[in-house]
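J.: Okay, structure incoming, though there's no sequence with it:
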């Protein structure tokens with residue numbers, strides 16, 4: 001399955017690992033039209049050091065909303081792991097259900113959010129994982145309170 005709803009060559013944004021390279025954007029690919037309007041004109045402001053800051057990555061991912069619930073993917077507890085190494089960012093994330101019909105779109109938006117703020121020489125990889133299964137206890141306290149699921 002191609003990413004960006006089948007329009008981006010070599011983007012395999014399915015349930016397996018995904019590697020996003022900015023070269024497609026630089027070569028005039030049609031990927032750019034998937035960038036959310038809030039990110040499309042934002043200058044690249046994140047630290048461009050060889051090893052990105054995990055807090056900066058997490059903050060960028062907070063721009064990605066789950067449209068079904070109207071909350072960002074970080075506070076929803078969908079981002080399980082952020083691993084930053086020299087020249088690369090690897091994110092493990094999940095969906096609230098393996099049957100989520102918006103999974104590809106949310107992963108594409110996560111790529112776009114990171115691409116908008118990371119240096120062009122940083123490789124972005126997002127893996128969609130299903131273990132452990134998502135549950136409300138993975139949400140930020142504020143998110144649980146918002147839905148009336150506070151403890």
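T.: Sure thing, it's come through. Keep in mind that what you see is a predicted model, and the values were worked out from it rather than measured.

J.: C-alpha from now on. contacts and neighbour counts both.
T.: Will do.

J.: what sits against the residue lying closest to residue 126 once chain neighbours are set aside?
T.: Nearest residue to residue 126, sequence neighbours excluded (C-alpha to C-alpha, 6 or more residues apart in numbering): residue 91, at 4.7 Å. Each residue near residue 91 by C-alpha atoms under 8 Å, 6 or more residues apart in numbering is listed here: 79, 80, 81, 82, 83, 125, 126, 127.

J.: Residue 91 - that's part of a strand, no?
T.: Yes - counting by DSSP: H, G, I helix; E, B strand; the rest coil, residue 91 is part of a strand.

J.: List the buried residues of stretch 70-87.
T.: Across stretch 70-87, burial judged by 16 or more other C-alpha atoms under 10 Å covers 71-80, 82, 84, 87.

J.: Is residue 136 in contact with residue 143, as I believe?
T.: No - using C-alpha atoms under 8 Å, residue 136 is not in contact with residue 143; the gap is 9.1 Å.
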